[in-house]
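Asker: from the sequence below, what's the structure:
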Amino acid sequence: MNPSLCTNPLYLYSPQPPLGNTDRLDVYLPEFHRISVSRLRLVAHNLKVETGRWAHLPPEQRLCPCNSIQTEEQVVCHCPLTLPIRMSHPNVIFTFPAFFDSPPSIICQIVHNLSIYL
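Answerer: Okay, the predicted model is just below:
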């Protein structure tokens, strides 16, 4: 997962807003946003790809409410139920792994908004 053994840029941001310095909000990520991304990256979510594995369901039975096989990529990049979230970020490339090359603050915001599915 991390062959270079480097710290993901997501974890270099401050979990606390800067005091009185509003021009440095680019280095602030709320902890709840960071947690949402960590759950996605660590497969610690409630998507059918994972919960179906716990229930020993075959992959073709791990369906999203849109009737597609529910995976991380399907929810983030393809699901019609999450289309409004994708449409609200027109400058983001919604393909794997290019999605994770977006700025960490954008990734966190999107994944947190998707967390109702995760």
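
Asker: for residue 111, see how far away the closest residue to residue 93 other than its chain neighbours is.
Answerer: Closest residue to residue 93 apart from its sequence neighbours, by CB to CB, 6 or more residues apart in numbering: residue 99 at 6.3 Å. C-betas here are computed from N, CA, C, even on glycine. Residue 99 sits 9 Å away from residue 111, going by CB to CB, to the nearest Å.

Asker: pull up the overlap in contacts between the two.
Answerer: residue 76 (CB atoms under 8 Å, 6 or more residues apart in numbering).

Asker: which one's more surrounded, the two?
Answerer: residue 111 (26 against 19; other CB atoms under 10 Å).

Asker: now do the helices in this structure.
Answerer: Secondary structure of the chain, counting by DSSP state H: helices at 31-41, 48-54, 72-73, 83-87, 104-114.

Asker: quickly compare those helices and say which is most buried.
Answerer: Of the helices of the chain, the one with the most neighbours on average (mean count of other CB atoms under 10 Å) is helix 104-114, at a mean of 20.

Asker: and that helix with helix 31-41, angle?
Answerer: 80 degrees (axes from the mean of the first three to the mean of the last three CA atoms, to 10 degrees).

Asker: worst-scoring helix or strand of this structure, pLDDT-wise?
Answerer: Taking mean pLDDT, DSSP states H and E as the measure, the chain has helix 31-41 as its least confident helix or strand, at a mean of 81.
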